[in-house]
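A.B. asks: Sequence and predicted structure, then a few things I'm wondering about:
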Amino acid sequence: MNVLIDNWSTYWHGFLGTLWLTLVGGALALVLGVLMAGFRVSPVKPLRAFGTGWVTVLRNTPLTLLFFIVVLGLPRFHITLPFFTFAVLALGCYTSAFVCEALRSGVNTVPVGQGEAARCLGMTFGQTLSLVVMPQAYRAVIAPLGSVMIALAKNSAIAGSFSVTELLGTYRTINELGYSIIWTFVWIAVGYLILTLAISALFNLLERRVAVSR
């Protein structure tokens with residue numbers, strides 16, 4: 001317990017850093033994921049191609065490489081942002097590809113007749129997608145989205161290598177003070193466990209409230 005008590009401030013700031021990376025990165029991933037899912041099922045060919053390319057490239061790019069591209073590449077185009085913002089961009093864009101595919105799988109579960117009925121009522125593609133298809137698709141993919149958000153929380157550990165305060169990176173400071181490295185990582189693991197269990201509980205609650213009855 002001495003490792004935790006003596007370094008509580010370090011652990012706490014690291015935990016908050018991971019929490020904020022998860023919340024902000026998750027929000028960006030959801031927005032981009034919904035947008036790309038709409039592109040993927042769009043009747044407009046260029047939009048479908050863009051959505052397919054977005055998902056294909058990001059799903060097949062190592063997250064660490066994406067961090068290097070964002071952190072080292074964007075400044076070459078005179079885009080200078082805080083390291084936290086760079087980390088959120090990398091995490092959010094990467095995770096959005098998985099959110100997109102989860103939502104697209106949900107869209108495929110919605111009967112084709114739903115969309116046809118909406119079009120018969122004079123709805124545009126955007127109205128059909130946002131008012132008829134996506135609400136049903138979302139209800140069917142809450143559990144997979146929860147898994148994606150848990151993966152995002154764990155992936156945020158990479159940000160510590162790019163000067164971003166997060167939970168895993170606290171081991172450097174604590175280790176330099178001479179504390180046991182084993183117990184340092186034990187308490188780091190406990191922090192991640194708390195965060196992932198909280199995310200799991202939240203999505204389980206959402207699933208019980210709005211998921212499709214089976």
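C.D. replies: Great, that's in hand.

A.B. asks: list the helices and strands the longest helix along the chain packs on?
C.D. replies: In the chain, assigned by DSSP state H, the helix with the most residues is helix 8-40. For helix 8-40, the elements it packs on are helix 45-59, helix 83-107, helix 134-140, helix 142-155, helix 170-176, helix 181-210, judged by 3 or more Cβ pairs under 8 Å, 6 or more residues apart in numbering; DSSP states H and E. C-beta here means a position set from N, CA and C on the backbone, and glycine is covered the same way.

A.B. asks: same thing but 7 Å
C.D. replies: Other helices and strands packing on helix 8-40, by 3 or more Cβ pairs under 7 Å, 6 or more residues apart in numbering; DSSP states H and E, are helix 45-59, helix 83-107, helix 142-155, helix 170-176, helix 181-210.

A.B. asks: how much does the third one deviate in direction from helix 8-40?
C.D. replies: This points to helix 142-155. What separates the directions of helix 142-155 and helix 8-40 is an angle of 130 degrees, with axes from the mean of the first three to the mean of the last three Cα atoms, to 10 degrees.

A.B. asks: Buried residues, helix 142-155. List them.
C.D. replies: Of the residues in helix 142-155, 142, 144-146, 148-153, 155 count as buried by neighbour count, 16 or more other Cβ atoms under 10 Å.

A.B. asks: And the furthest pair within those?
C.D. replies: Among those, the pair separated by the greatest distance (Cβ to Cβ) is 142 and 155, at 20.1 Å.

A.B. asks: so how many other residues sit close to the closest residue to residue 100 other than its chain neighbours?
C.D. replies: Nearest-residue entry for residue 100: residue 36, 4.0 Å, with adjacent residues in sequence omitted and distances by Cβ to Cβ, 6 or more residues apart in numbering. By other Cβ atoms under 10 Å, 24 other residues sit near residue 36.

A.B. asks: Got phi/psi on residue 42?
C.D. replies: As for residue 42, its main-chain torsions (degrees, to the nearest 10) stand at phi -70, psi 150.

A.B. asks: should've said residue 80
C.D. replies: According to degrees, to the nearest 10, the main-chain angles of residue 80 amount to phi -110, psi 120.

A.B. asks: Tell me the spacing between it and residue 139.
C.D. replies: Summarising the geometry, the distance separating residue 80 from residue 139, computed by Cβ to Cβ, to the nearest Å, is 41 Å.
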